[in-house]
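**Student:** Got a predicted model here, sequence first, then my questions.
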Amino acid sequence: MATYYVSTTPAEQLAKLYGKLVGSHYYKATRNWTWVRWQLEVQLTELVATKELVVRAWDSSQNTQPKYMNWNLMGMMNNCWFNVKLSLDRGDTPSALLCEHPTMISQTSARGWMEKSKVADAAAVDGATEKQRTDLPTYTKAQVESHASEDDCWIICHGLVYDCTRFLKDHPGGPQSIVLAAGTDSTDDFDAIHSEKAHAMLKDYLIGQLAGSAASRAPVVTQNVPVPEPTQTAVITTPAGATFLNSKEWKKMTLESKKLLSPSIRLFRFTFSGEKFGLPVGKHVYLKLPQEQFHKDMAVKPVMRAYTPSRWGPGYVEFIVKIYFPESGRPGGLFTPLLDRVRIGETIDTKGPLGEYEYLGNGQYTLVNQPAPCNARHICMIAGGTGITPMWQVLDALQHDQDTPFVSLIYCARYLSDLVLVDEIDALKSRKPDRLGVHYVLSQPPPTGDWNGGRGRLKATEIADRLFPFADSHTHDNDKLVLLCASDEMVKNCCKPIISNIMGSEFASNNIFVF
């Protein structure tokens with residue numbers, strides 16, 4: 001039986017205390033909450049064979065709690081399913097049930113089932129790792145550093161040495177993200193971005209162990225590691241005339257400002273030491289932050305993601321980022337809520353540049369593993385949401401071209417407020433009307449009826465009409481290029497199949513680049 005406190009003030013009265021609510025309609029409609037008293041009695045006999053008790057709730061609109069935690073610094077509004085492990089206590093009271101909470105509920109209570117499972121998992125992985133280390137060759141750090149190219153790529157992870165050369169061509173994120181770490185200890189970076197499945201895959205590439213390293217540890221450990229304050233780490237000073245970015249070294253940037261562009265989209269402006277950011281057009285960078293602790297025994301590991309700046313200049317760089325909050329029973333993002341909680345004056349780690357595509361100007365571009373630059377006189381860009389940022393990099397570079405290519409942009413978003421950089425795009429279009437075509441698509445356009453762009457999901461006819469509108473029958477396929485940056489679902493299930501149907505499978509295989 002469970003009992004919860006209920007407020008005597010109606011939810012509507014509570015909401016009015018905070019003034020006019022902002023955001024899209026669906027967000028307003030679900031902003032009014034309050035405590036509700038409830039209880040449920042269950043017969044003990046029904047729980048004897050039960051291994052786990054889960055508490056979960058729905059409201060009248062069928063909104064429900066997320067399955068997993070989306071913790072914040074103060075632990076507020078954590079509303080995930082509550083899981084209690086059940087087992088029979090065969091001590092003095094044979095009919096009693098032992099209920100284990102996820103974590104310690106007081107300073108004197110025993111470890112919760114989450115801590116116990118982590119200890120068991122870590123011990124199992126440690127044992128397996130120790131077996132792997134038996135009779136492995138030993139390499140010095142200098143030896144590993146000599147294997148740092150696309151043809152010979154070694155990395156260090158948790159004190160073990162891996163030869164990743166044969167995996168480069170199959171890496172989902174492209175070979176360059178591995179090559180950036182070649183010859184280095186990439187333990188933190190690997191843990192920050194990869195799942196347990198990726199850790200398991202590493203064993204296929206294990207070739208040795210690092211000389212002088214401690215026993216290899218599992219990626220998940222149980223000792224208490226304090227969360228570092230971002231501002232406590234010394235900022236690396238960039239020498240005058242040098243570029244700030246370094247593909248082999250994490251650098252510190254300071255958050256100068258944060259602007260809300262929509263209920264879920266933010267414009268972050270960071271400052272750094274030096275004048276030149278050092279990012280080629282079309283490339284992106286990694287951003288890294290420490291993960292928050294769910295409980296005091298949880299190890300803190302870094303979390304990092306790749307982002308494309310929207311603009312940069314002397315001593316500053318800006319990023320437009322969509323924050324993925326929990327919604328409709330789905331857990332929120334892992335990195336973006338951390339980024340959203342960075343305060344003005346705090347620092348964040350960055351490293352780069354990385355990426356396989358680089359725009360050189362006048363329609364020329366390079367791709368990784370291609371021997372010479374290519375030339376595209378006709379470029380079609382399809383962007384979804386904040387996937388507009390790499391497209392805007394290229395569009396902004398067109399202003400400096402002497403021989404500007406013909407570009408068609410299809411920009412899709414959910415709401416009108418989610419369309420960012422529109423003023424800049426429209427201004428460029430007005431200056432180059434014979435070289436740039438733009439088509440906006442909203443899946444949920446304004447109800448007023450004054451929206452002139454596309455409605456609903458992106459349609460095959462919209463792509464066909466705007467794929468290469470400036471080309472004629474004499475334009476060769478080698479002069480055409482499609483750039484995509486959107487969700488995996490939009491790229492794989494919409495854009496690629498439609499373009500393949502229009503242009504042919506060979507064109508789709510050779511002339512589409514996905515950021």
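**Tutor:** All right, it came through fine.

**Student:** beta partners for residue 156?
**Tutor:** residue 161, residue 185 (DSSP bridges).

**Student:** swap that for residue 276, sorry
**Tutor:** Beta-bridge partners of residue 276, as defined by DSSP bridges: residue 243.

**Student:** Counting neighbours, what do you get for it?
**Tutor:** 16 (other CB atoms under 10 Å). C-beta coordinates here come from the backbone N, C-alpha and C atoms, glycine included.

**Student:** what sits against it?
**Tutor:** 241-244, 314 (CB atoms under 8 Å, 6 or more residues apart in numbering).

**Student:** Following the chain onward from the helix or strand bottoming out on mean pLDDT in the chain, which element is next?
**Tutor:** When the helices and strands of the chain are scored by mean pLDDT, DSSP states H and E, helix 25-28 comes last with a mean of 50. The helix or strand immediately downstream of helix 25-28 is strand 52-55, counting by DSSP states H and E.

**Student:** Could I get the buried residue list for that following strand?
**Tutor:** Within strand 52-55, no residue is scored as buried using 16 or more other CB atoms under 10 Å.

**Student:** strand partners of the helix or strand just after it, parallel vs antiparallel please.
**Tutor:** Moving toward the C-terminus from strand 52-55, the first helix or strand encountered (DSSP H and E) is strand 82-89. Its sheet considered, strand 82-89 pairs with strand 52-55 (antiparallel), strand 96-100 (antiparallel) by DSSP bridges.

**Student:** Contacts for strand 82-89 next, please.
**Tutor:** 47-48, 50-56, 94, 96-102, 113.

**Student:** Can you list the buried residues in that strand?
**Tutor:** 83-85.

**Student:** from those, which is closest to residue 250?
**Tutor:** residue 83 (36.3 Å; CB to CB).

**Student:** which stretches of the stretch 1-150 of the chain have low pLDDT?
**Tutor:** 1-34, 60-61, 69-78, 89-95, 104-111, 115-134 (pLDDT under 70).

**Student:** Pretty sure residue 306 sits in a helix.
**Tutor:** No: counting by DSSP: H, G, I helix; E, B strand; the rest coil, residue 306 is not found in a helix; it is strand.

**Student:** can you give me the helices in the stretch 351-500 of the chain?
**Tutor:** 388-398, 422-431, 460-466, 488-490, 496-503 (DSSP state H, counting those that start in this stretch).

**Student:** Give me the angle between the second one and helix 388-398.
**Tutor:** Angle of helix 422-431 versus helix 388-398, following axes from the mean of the first three to the mean of the last three CA atoms, to 10 degrees, is 30 degrees.

**Student:** As CSV, could you dump the C-alpha coordinates of helix 422-431?
**Tutor:** The C-alpha trace of helix 422-431 is given here as CSV (Å, rounded to 0.1, in the frame of the first residue of the first chain):
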residue,chain,number,x,y,z
VAL,A,422,15.3,32.0,-41.9
ASP,A,423,16.1,35.7,-42.0
GLU,A,424,19.6,34.9,-43.0
ILE,A,425,18.5,32.4,-45.7
ASP,A,426,15.9,34.7,-47.1
ALA,A,427,18.4,37.6,-47.2
LEU,A,428,20.8,35.5,-49.2
LYS,A,429,18.0,34.4,-51.5
SER,A,430,17.1,38.0,-52.3
ARG,A,431,20.7,38.7,-53.2
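
**Student:** how far does it sit from the chain's center?
**Tutor:** 29 Å (CA atoms, centre = their mean, to the nearest Å).

**Student:** Now do residue 445, the pLDDT please.
**Tutor:** The pLDDT attached to residue 445 in the predicted structure is 90.

**Student:** quick one, phi/psi of it?
**Tutor:** phi -70, psi 170 (degrees, to the nearest 10).

**Student:** so who does it touch?
**Tutor:** Neighbours of residue 445 in contact, by CB under 8 Å, 6+ apart: 416, 451, 453, 455.

**Student:** For the second one, which non-adjacent residue is closest in space?
**Tutor:** Yep, that's residue 451 we're talking about. residue 445 (4.1 Å; CB to CB, 6 or more residues apart in numbering).

**Student:** quick one: which of the helices of the stretch 351-500 of the chain is nearest residue 283?
**Tutor:** helix 388-398 (8.3 Å).

**Student:** can you pull the buried residues of the closest one?
**Tutor:** Result for helix 388-398 [16+ other CB under 10 Å]: buried residues 388-398.

**Student:** Now tabulate those residues in TSV and tack on distance to residue 471 and pLDDT.
**Tutor:** Listed next are these as TSV, based on distance: CB to CB, whole Å; pLDDT from 0 to 100:
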residue	distance to residue 471	pLDDT
388	23	93
389	26	92
390	22	92
391	19	93
392	23	93
393	23	92
394	18	92
395	18	93
396	23	91
397	21	91
398	17	88
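
**Student:** circling back to that earlier point, from the contacts of residue 445, which is closest to residue 135?
**Tutor:** residue 416 (63.4 Å).

**Student:** before we move on, the earlier item: tabulate the helices of the stretch 351-500 of the chain in a markdown table, adding columns for distance to residue 365.
**Tutor:** Compiled in a markdown table, the helices of the stretch 351-500 of the chain are given as follows (distance: least, CB to CB, whole Å):
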| stretch | distance to residue 365 |
| --- | --- |
| helix 388-398 | 9 |
| helix 422-431 | 19 |
| helix 460-466 | 21 |
| helix 488-490 | 23 |
| helix 496-503 | 18 |
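
**Student:** so which of the ones you listed is the most packed in?
**Tutor:** Ranked by mean neighbour count under mean count of other CB atoms under 10 Å, the helices of the stretch 351-500 of the chain are led by helix 388-398, which reaches a mean of 22.

**Student:** Dump stretch 51-66 to CSV, restricted to CA.
**Tutor:** Provided in CSV are the C-alpha atoms of stretch 51-66 (Å, rounded to 0.1, in the frame of the first residue of the first chain):
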residue,chain,number,x,y,z
LYS,A,51,10.2,-10.6,-8.8
GLU,A,52,9.5,-6.9,-9.4
LEU,A,53,6.9,-4.3,-8.5
VAL,A,54,6.6,-1.3,-10.8
VAL,A,55,4.7,1.9,-10.1
ARG,A,56,3.5,3.8,-13.1
ALA,A,57,0.7,6.3,-13.7
TRP,A,58,-1.3,7.8,-16.6
ASP,A,59,-3.4,11.0,-16.7
SER,A,60,-6.7,11.6,-18.5
SER,A,61,-4.9,12.5,-21.7
GLN,A,62,-2.9,9.2,-21.6
ASN,A,63,0.3,10.8,-20.8
THR,A,64,2.5,8.5,-18.8
GLN,A,65,5.8,8.5,-16.9
PRO,A,66,9.0,7.8,-18.8
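
**Student:** buried set for the particular helix or strand that has residue 256 in it?
**Tutor:** Assigned by DSSP H and E, residue 256 falls within strand 251-260. Neighbour-count burial for strand 251-260 flags 251-256 (criterion: 16+ other CB under 10 Å).

**Student:** Could you measure from residue 341 over to residue 320?
**Tutor:** Per CB to CB, to the nearest Å, residue 341 is found 18 Å from residue 320.

**Student:** These two: who's more crowded?
**Tutor:** The neighbour count for residue 341 versus residue 320, taken as other CB under 10 Å, is higher for residue 320 (22 against 13).

**Student:** Got phi/psi on the more buried one?
**Tutor:** Dihedral angles for residue 320 - degrees, to the nearest 10 - are phi -100, psi 120.
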